[in-house]
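K.L.:
Sharing a model prediction with you, sequence too.
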Amino acid sequence: MAKRLSPAAIVALKEALCAVYWYKGDLRGFLQQCLSNPAILATLNWDGYKRQIASDLVDYLVRGEDKHLGDLTKVCYELCSITTFTHLKQLDGGDQKAQRASFAIAQLKTLVEPHQKVQKERDEFKERQNQAQEKLKASAAVRQKLEDINARYMALVVSPNAQGRGFELEKVMYDIFELFDLDPKASFRNTGEQIDGAFSLEGIDYLFEAKWQRSLIDGADLDTFAGKIRRKLENTLGAFLSINGFSPDGVQLHSGTGSAMILLDGADLMAVLEERIDFVSLLLRKKRHAARTGSIYINVNQILS
């Protein structure tokens, strides 16, 4: 699930709890298996009506959703996993009760499953990121190389030589691509402070371009880059690095259906050099964000939060 359940999902969860379990004892037994701290159930008034009990519990969990996200996820998952309602059909009016429960579960699934999919993707990304961090920590040679690259880049940040800075940035980026096994193409071209090149990730070729200028990269620069990508093979994507960022109008202009590039800035580069995220994870998360939302830029702090 997402960080917050929608109001509609909260209502659907309460209704499903009421519909699936006719007796309060059965409802309590189900919840005891779902909650990480079953003692929460003792705070509810079990002498009251079942609907009020379900409502009070869900409201309690939602109020502390940061703390109880796992419990909410578990309750929703277990409810959505129920496919038979024979325990209801044995009661008076059982067919009607089972039909109501089936409808309530279907409604809950509609509202919750997209959130669960997003949460699963986030969990998988976090797991990959943790694995990458562990791999990085275990690779003394890689960490040493990153420290060397970081020192070279920081020297460029304070360098007054804008023309020479572009040539040195080319070397920095080539070494990063090589360090993370991205098969950088040797035919990098330096024109002033513009660096062109290419690398491969998960079988996809990326055309790469970088600029280090005081002003934000605007729509015209992105137009030029988009044209270069279109002239390559159909499955070619682009990665544009602007150390000082991009204009919001330029980002918006090139976001949406059909966009074939992702954007990186100086903050992204620093996060990699400071070992807060490995470069491959950064690229994959930006690509996934663009595929899901159409937006070609996401701030690295949003990725790491």
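P.N.:
Thanks, I have the structure now. Residues are numbered from 1 along each chain as shown.

K.L.:
Low-confidence regions, the stretch 101-250 of the chain specifically.
P.N.:
For the stretch 101-250 of the chain, residues meeting the criterion pLDDT under 70 lie at 113-126, 128-138, 186-195.

K.L.:
Where do the helices of it begin and end?
P.N.:
140-157, 162-179, 219-230, 248-254 (DSSP state H, counting those that start in this stretch).

K.L.:
closest one to Thr43 among these?
P.N.:
Among those, helix 248-254 comes nearest to Thr43, with 47.9 Å by C-beta to C-beta. In short, each C-beta sits where N, CA and C put it, glycine included.

K.L.:
neighbouring contacts of the closest one?
P.N.:
With C-beta atoms under 8 Å, 6 or more residues apart in numbering as the test, helix 248-254 has contacts from 216-223, 226, 261, 263, 295-297.

K.L.:
returning to what we had before: could you dump the helices of the stretch 101-250 of the chain into JSON lines with mean neighbour count and distance to Gln33 added?
P.N.:
Putting the helices of the stretch 101-250 of the chain into JSON lines (neighbours: other C-beta atoms under 10 Å; distance: least, C-beta to C-beta, whole Å) gives the following:
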{"stretch": "helix 140-157", "mean neighbour count": "14", "distance to Gln33": "44"}
{"stretch": "helix 162-179", "mean neighbour count": "17", "distance to Gln33": "47"}
{"stretch": "helix 219-230", "mean neighbour count": "16", "distance to Gln33": "52"}
{"stretch": "helix 248-254", "mean neighbour count": "17", "distance to Gln33": "47"}
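
K.L.:
Make CSV out of these and add distance to Lys74.
P.N.:
Below are the helices of the stretch 101-250 of the chain laid out as CSV (distance: least, C-beta to C-beta, whole Å):
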stretch, distance to Lys74
helix 140-157, 38
helix 162-179, 40
helix 219-230, 44
helix 248-254, 38
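
K.L.:
of all the ones you listed, which lies closest to Ala54?
P.N.:
The nearest among the helices of the stretch 101-250 of the chain, by C-beta to C-beta, is helix 248-254 at 43.7 Å.

K.L.:
how far does that closest one sit from the chain's center?
P.N.:
With C-alpha atoms, centre = their mean, to the nearest Å as the basis, helix 248-254 stands 21 Å off its chain's centre.
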